[in-house]
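K.L.:
coords please:
(chains A and B)
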Protein chains: 2
Amino acid sequence: MAIIEKLQWRAAIKSFDPAKKLSAKQLDDLLSAVQLSPSSAGLQPYKILVVENPEIREKLREAAHGQAQLTQSSQVIIFAAETNIDEAYAKKYIDLIAKTREIGREHLYAFEQSILNILNNQTEEQKISSATKQAYIALGVLLTAAAELGIDACPMEGFQAGKFDEILGLKELGLTTAVIAPVGFRSDEDILSKMTKVRRPKEELFVHV
Amino acid sequence: MAIIEKLQWRAAIKSFDPAKKLSAKQLDDLLSAVQLSPSSAGLQPYKILVVENPEIREKLREAAHGQAQLTQSSQVIIFAAETNIDEAYAKKYIDLIAKTREIGREHLYAFEQSILNILNNQTEEQKISSATKQAYIALGVLLTAAAELGIDACPMEGFQAGKFDEILGLKELGLTTAVIAPVGFRSDEDILSKMTKVRRPKEELFVHV
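P.N.:
Below is the predicted model of the structure:
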């Protein structure tokens, strides 16, 4: 099945089958795709929480208007923006490039300076806003890769981010919840995924210049 | 080739081969994927500009620090956030659902009210920030679908959004540039795509709870 049919098949699943879990291979493939997501300057300014613990999921559900996807899905994927993107973070990233590509750190000096220059010109708020946008790219990658792999997901913004941070102890880790996506497999009772997908028509959505 | 290998293959291409253009089928597939992108409540609060015009691309390049991708790629895809997401926009969307799914508008009353409720509680700034995040999901879908289809792309934030809006007359259309992605095919001279991809190691990026 081609990518377009896979994207036609995907839907924001409200009713997951709690008996169906991702295999270790499926979860690893999905996380590998997320790991490969592009980000501004390659900084990947986020961490991804993979929540399976039932008690924690119950608490998260309460902080997400009781929505059943939080407890009925196979895992809850949480995209958390890094709140401390600083000089130390940038230096560690440059170290990683030098190590991965086996090149001298001196060849990365100009690139490092350009990153530091961007960071030094951003307020804390701008940094978190930028990190959040990068997390949304990763969400788009996850949803597309999930569709490709035949895995269901439900992107969700309807939750109390502050409470999520509290339940997961994210503040202490220098993180804050940006967006979430429970993953798993749809149940037969999921109604919306059986309906025709609604999208703005191409002639309205696209402007050719 | 599986999705993971395709994502390994993709890279932010700096040097496109100006002689290689997307076929009509390739462009249509890519845009179909973008059209199918999920968004908050399904509102798709953006338009996508597909820029081929050489004179306009020259001007955009000037407003993007002279970066060659703007003129050497096959098309420049511009994700522009809607700046006027209002009651009329929501009503039009509900009309589209009723028409697409052939259901009476009265069955969508609660959903319509929930959307209006969200919109009425957002400032203009929050609405544009939300629309921008949805555009970034669409960017993630585009980049993943492009990889799947063997098409190159370069996600870019390094441009002057205000100048882009001016060149493309977006303000008059109730739009503002969020993020862009030239698409096409890499040239043999593209250096970075030949290097090992750098990503945060899984044990650092993922937190299992």
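
K.L.:
how many residues are close by the nearest residue to A:Ile118 once chain neighbours are set aside?
P.N.:
Of all residues not flanking A:Ile118 in the chain, A:Ala41 sits nearest, at 7.2 Å (Cβ to Cβ, 6 or more residues apart in numbering or on different chains). All C-beta atoms are positioned from the backbone trio N, CA, C, and that covers glycine. In terms of burial, A:Ala41 registers 17 neighbours under the definition other Cβ atoms under 10 Å in any protein chain shown.

K.L.:
am I right that A:Ala41 is in a helix?
P.N.:
Yes - residue state for A:Ala41 (DSSP: H, G, I helix; E, B strand; the rest coil) corresponds to a helix.

K.L.:
ok, it touching A:Asn117?
P.N.:
No - in terms of Cβ atoms under 8 Å, A:Ala41 does not count as a neighbour of A:Asn117; the distance is 10.8 Å.

K.L.:
mind checking how far A:Gln69 is from chain B?
P.N.:
Counting by Cβ to the nearest Cβ, to the nearest Å, the gap from A:Gln69 to chain B is 14 Å.

K.L.:
for A:Thr138, which residues are in contact?
P.N.:
One correction, residue A:138 is Ala, not Thr. Contact criterion Cβ atoms under 8 Å, 6 or more residues apart in numbering or on different chains gives A:34, A:37, A:39, A:46, A:48, A:79, B:140 as the residues in contact with A:Ala138.

K.L.:
check A:Leu108 too.
P.N.:
A:94, A:97-98.

K.L.:
where does it land in three-state SS?
P.N.:
Secondary structure for A:Leu108, judged by three-state DSSP, is helix.

K.L.:
which strand or helix spans the residue in chain A that chain B sits nearest to?
P.N.:
In chain A, the residue that lies nearest chain B is A:Gly140 (1.9 Å; Cβ to the nearest Cβ). In this assignment (DSSP states H and E), A:Gly140 forms part of helix A:124-149.

K.L.:
related to what we said a few turns ago, which residues touch the residue nearest to A:Ile118?
P.N.:
For A:Ala41, the contacting residues are A:114-115, A:118, taking Cβ under 8 Å, 6+ apart as the criterion.

K.L.:
out of the residues you listed, who has the most neighbours?
P.N.:
Neighbour counts for those peak at A:Ile115, which has 22 neighbours (criterion: other Cβ under 10 Å).

K.L.:
thinking again about what came up before, got the contacts of A:Ala41 as JSON lines, with pLDDT and secondary structure columns?
P.N.:
As requested, the contacts of A:Ala41 are exported to JSON lines (pLDDT from 0 to 100; DSSP: H, G, I helix; E, B strand; the rest coil):
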{"residue": "A:Ser114", "pLDDT": "95", "secondary structure": "helix"}
{"residue": "A:Ile115", "pLDDT": "96", "secondary structure": "helix"}
{"residue": "A:Ile118", "pLDDT": "93", "secondary structure": "helix"}
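
K.L.:
and the strands in chain A?
P.N.:
In order along the chain, chain A carries the following strands (DSSP state E): A:46-51, A:75-82, A:152-153, A:175-184, A:206-208.

K.L.:
deepest in the core, which of those is it.
P.N.:
The highest average neighbour count among those, using mean count of other Cβ atoms under 10 Å in any protein chain shown, belongs to strand A:152-153 at a mean of 28.

K.L.:
quick check: A:Pro38 touching A:Ile137?
P.N.:
Yes - with contact defined as Cβ under 8 Å, A:Pro38 reaches A:Ile137; the gap is 6.4 Å.

K.L.:
now for the two: what residues contact both?
P.N.:
Listed contacts common to A:Pro38 and A:Ile137 are B:143, B:155; contacts here mean Cβ under 8 Å, 6+ apart.

K.L.:
neighbours of A:His107, how many?
P.N.:
Other residues lying near A:His107 total 11 when counted by other Cβ under 10 Å.

K.L.:
pLDDT weak spots in chain A?
P.N.:
Residues of chain A that meet the criterion pLDDT under 70 lie in A:1.

K.L.:
spatially central, which residue of it would that be?
P.N.:
For chain A, the residue lying nearest the average C-alpha position, counting by Cα atoms, centre = their mean, turns out to be A:Leu139 (3.7 Å).

K.L.:
how about that one, what does it touch?
P.N.:
The neighbours of A:Leu139, taking Cβ under 8 Å, 6+ apart as the test, are A:79, A:155, A:179, A:181, B:137, B:140.

K.L.:
same check on A:Ala63?
P.N.:
Shown in contact with A:Ala63 (Cβ under 8 Å, 6+ apart): A:159-160, A:163-164, A:167.

K.L.:
what about those residues, which are in helices?
P.N.:
Counting by DSSP state H, the members of those that fall within helices are A:163-164, A:167.

K.L.:
of these, buried ones?
P.N.:
By the neighbour-count criterion of 16 or more other Cβ atoms under 10 Å in any protein chain shown, those include these buried positions: A:164, A:167.

K.L.:
looking at the ones in helices among the contacts of A:Ala63, which is nearest B:Ala11?
P.N.:
Using Cβ to Cβ, A:Phe164 comes nearest to B:Ala11 of these, at 33.1 Å.

K.L.:
excluding chain neighbours, what is closest to that closest one?
P.N.:
Spatial nearest neighbour of A:Phe164, excluding adjacent residues (Cβ to Cβ, 6+ apart): A:Thr177 at 4.2 Å.

K.L.:
so that neighbour sits against A:Leu170, correct?
P.N.:
Yes - here A:Thr177 reaches A:Leu170: they are 6.5 Å apart, a contact under Cβ under 8 Å.

K.L.:
joint contacts of those two?
P.N.:
A:80, A:164.

K.L.:
list the contacts of the spatially closest residue to A:Glu148 that is not a sequence neighbour.
P.N.:
If the residues on either side of it in the chain are set aside, A:Glu148 comes closest to B:Ile3, at 4.6 Å by Cβ to Cβ, 6+ apart. For B:Ile3, the contacting residues are A:29, A:33, A:145, A:148-149, B:144, B:147-148, by Cβ under 8 Å, 6+ apart.

K.L.:
now with 7 Å?
P.N.:
A:33, A:145, A:148-149, B:148 (Cβ atoms under 7 Å, 6 or more residues apart in numbering or on different chains).
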